[in-house]
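Colleague: A predicted structure for the sequence below; I have some questions about it.
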Amino acid sequence: MSSKARHSLDPLNLDRFNHEALIPLVSPLTGKNYIGWCNHIELLLTATVKLDFITGKCERPTERAKAEQWDLVDSMVRSLILGSVSKEIAQHFIHAKTAKSLWEEIKGRYGSHGPLLYRIHRKLRSIRQGNADLFEYYSKLCNLWSELHYLKPIPVCKCKCNVGKEISVGECNGCILAKQIADDKSETELFQFLMGLNDCYDNVRDLILLMEPLPTPSKAYSMLLGVETMRELSKGEKGCEKTHDLVCSYCKKIGHTHEGCFKLHPKTKRSM
């Protein structure tokens, strides 16, 4: 690695760290949005090679010149964190001496796993589509799944067959177990998504549940979105009505009815 590359990856380097410009990028911490706020701050600090200041991996040097630089950078990291916290909350943490102690104090106040996990599971248990469109409903679920994954990430096997891969796909027992956990998580999310859908999607939901293997939540959403789009194009209507579900009773595929099924009416396809 060149000296220039090493310099750019040095946590004490300030070339890419404009903390004042980063503050407006973060939605202020209010308490209830801790997970999203925490994830965003960690992302910004990772991108600017400053994450080690809150994890404690970048310790204060003993050499005077480097120690002074460390104090400067650490104060900027603290300023970024405090600047992205609502004023009502910030006043309780203003006396933190280092970025690490500030981060741990905020985490201790708002980041207890038990209450956060309970809140997420309670929302997942009760969420329904209701008056929301398909995109809005699915987005809400994705946000909750993302928060849950942040608190309880899928374990990754550390064997050589999984180096550099997010989800284990190797052949050792650890890889197989991690893959099973990931598949179970995807299946649970699929059921949560389907259970909250409005009744107008009953026919499509039944077809999705008959698929082997079961699709991922994103694939199921894509299928439902396609049905909704075809419905709007063919009927000139928005929203969904149960009598207008485009599910073919002949070939069991979604997106058309038996009247427009090419398998049932092959001449129709040839004439197009």
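Modeller: Everything's here; your move. The structure displayed is predicted, hence computed values, not measured ones.

Colleague: What are the structural domain limits within this protein?
Modeller: 3-111, 199-272 (automatic domain parsing).

Colleague: Least reliable of those domains by average pLDDT, please.
Modeller: Mean pLDDT per stretch puts domain 199-272 lowest among the domains of the chain, at a mean of 73.

Colleague: I'd like the domains of the chain as JSON lines, with mean neighbour count and distance to residue 144 appended.
Modeller: All C-beta spots, glycine's among them, are computed from the backbone N, C-alpha and C. Shown next, in JSON lines, are the domains of the chain (neighbours: other C-beta atoms under 10 Å; distance: least, C-beta to C-beta, whole Å):
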{"stretch": "domain 3-111", "mean neighbour count": "16", "distance to residue 144": "10"}
{"stretch": "domain 199-272", "mean neighbour count": "14", "distance to residue 144": "12"}
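
Colleague: Quick one: closest of those domains to residue 192.
Modeller: Among these, domain 199-272 comes nearest to residue 192, with 8.1 Å by C-beta to C-beta.

Colleague: In this structure, mark out all the helices, start to finish.
Modeller: Under the criterion DSSP state H, the chain contains helices at 3-8, 19-22, 34-47, 52-55, 64-83, 87-90, 99-110, 113-126, 134-151, 173-195, 202-209, 217-235, 266-271.

Colleague: Which among the domains of the chain is found nearest to residue 179?
Modeller: domain 199-272 (13.0 Å).

Colleague: Distance to residue 28 added to the helices of the chain, as JSON lines?
Modeller: Converted to JSON lines, the helices of the chain look like this (distance: least, C-beta to C-beta, whole Å):
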{"stretch": "helix 3-8", "distance to residue 28": "30"}
{"stretch": "helix 19-22", "distance to residue 28": "13"}
{"stretch": "helix 34-47", "distance to residue 28": "8"}
{"stretch": "helix 52-55", "distance to residue 28": "18"}
{"stretch": "helix 64-83", "distance to residue 28": "9"}
{"stretch": "helix 87-90", "distance to residue 28": "8"}
{"stretch": "helix 99-110", "distance to residue 28": "12"}
{"stretch": "helix 113-126", "distance to residue 28": "18"}
{"stretch": "helix 134-151", "distance to residue 28": "18"}
{"stretch": "helix 173-195", "distance to residue 28": "29"}
{"stretch": "helix 202-209", "distance to residue 28": "39"}
{"stretch": "helix 217-235", "distance to residue 28": "30"}
{"stretch": "helix 266-271", "distance to residue 28": "57"}
